[in-house]
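Engineer: this is a predicted model, with the sequence first.
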Amino acid sequence: MKKVKIHRKSRTQVWTVLTTLVLAGGVLTACGPAPQSTGNVSSSSSFNSGNGTTNHSGQSASQETRYPLTVTDQAGRSVTLTKVPHHIASVTEGTDEILAGLVPKQDIAMVTSYATNPDYSNIVSFAKGIPAITNANSEQIIAVHPDLVLLASYTPPAVTSQITQTHVPVYEFNDFNSITNIEQNIQIVGRLVDQPVRAQDMVKTMNEQLLGIEQAVQGKAQPSVLDYSSFGFAAGNNTTVNQMIADAGGTNAAASLQGWQKVSAEQVVKMNPDVIIDASDDQGFIQKLLHDSQFRNVKAVKDRRVYAINSADLSSVSQSITRGVWDIAHVLHTSAQLPPKPQTLQQ
């Protein structure tokens, strides 16, 4: 799920990788522009909690999952699990990280190759030793004999079809462009793997972390922030970065754009952001930007407020997104008494 993750998990590679992998059947982290739809759980397995606890998205988690469990995924397909899955194939980086916080390592049959790459992943140690997949190949996925497969909307339809024809339960995620989406996805995965309470606790922790950051930056001036990369793309509205900037106490200089858009140097100059952020795996571009005469009058460049944000945090579409919000708040509000940086939520 992540910068289509890929909001980007390699932002220096994201758009080249995105295009290549989507066309060739790639495994992506999800996060850029993506179709929006709603994944629903059937009435017999609702998210209503016996204790009424609610989360940032307004949903709540029940105390147990009853099987057989039938849900409608975010692509509108009916998915039925006859029993608790203990051999789960994750084909999105977002679900790699979500699963790491919900189930024992031995219950994960496959992760993406991004999971052990520190430029992309917050679960590098956890994921070591788990079979990994680079491209969404149905034969490789079926070969690990999964009892549940987690895919995303960018998975080629032919791959999804080939897996479903084997009668293996497949859940497809489409919604990963906001923190609310991420919380919903955590609860969905928690329901599927019979860990609704743990999923609810994960969401509660996220909200506590975000509240701590919000309180630390409350009342401070909100600088305009542009997320801009070497591929020339900026994060507009309907991206996780847009919400991360707001939660970190800033305003998105590219909020008038929809999703991830390629912008010209002239547009950047016109936006004139107070701060520019980019992923840490794009360090060379940051140095180039600071010395490019085209941008010499941009306030962020003049003030040398161009920052590298940890790539894995910035592009996260899992519980680790709170780390990215903390990272942004840390560079926007240097005098703020921020709480400790959130730890990666994994077992």
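Structural biologist: Sure thing, it's come through. Numbers count the residues shown, from 1 in each chain.

Engineer: if I look at M271, how far off is K288?
Structural biologist: 18 Å (Cβ to Cβ, to the nearest Å). All C-beta spots, glycine's among them, are computed from the backbone N, C-alpha and C.

Engineer: neighbour count winner among the two?
Structural biologist: Between M271 and K288, counting by other Cβ atoms under 10 Å, M271 is the more crowded of the two (22 against 12).

Engineer: quick one: pLDDT of that one?
Structural biologist: According to the per-residue confidence, M271 scores 98 in pLDDT.

Engineer: how about the contacts made by it?
Structural biologist: Residues touching M271, when contacts are defined by Cβ atoms under 8 Å, 6 or more residues apart in numbering, comprise 224, 226, 253-254, 263.

Engineer: the same query, at a cut-off of 6 Å, please.
Structural biologist: Each residue near M271 by Cβ atoms under 6 Å, 6 or more residues apart in numbering is listed here: 226, 253.

Engineer: tell me how far it lies from L257.
Structural biologist: Computed with Cβ to Cβ, the distance linking M271 and L257 is 10 Å.

Engineer: where does this protein dip in pLDDT?
Structural biologist: 1-63, 345-347 (pLDDT under 70).

Engineer: which stretches of it form helices?
Structural biologist: Applying DSSP state H to the chain gives helices spanning 14-24, 93-100, 124-127, 138-143, 157-164, 179-192, 196-217, 240-247, 265-271, 283-290, 299-302, 311-314, 321-332.

Engineer: nearest to P68, of those?
Structural biologist: When the helices of the chain are compared for distance to P68 using Cβ to Cβ, the nearest one is helix 179-192, at 12.3 Å.

Engineer: what packs against that closest one?
Structural biologist: Judged by 3 or more Cβ pairs under 6 Å, 6 or more residues apart in numbering; DSSP states H and E, helix 179-192 is in contact with helix 196-217.

Engineer: can you give me how far the helix it packs on is from the chain middle?
Structural biologist: Using Cα atoms, centre = their mean, to the nearest Å, the mean C-alpha position of helix 196-217 is found 16 Å from that of the whole chain.

Engineer: neighbours around V79, how many?
Structural biologist: When neighbours are counted by other Cβ under 10 Å, V79 registers 21.

Engineer: wait, it touches V71, no?
Structural biologist: Yes: the criterion here is Cβ atoms under 6 Å, and V79 meets it with V71 at 5.2 Å.
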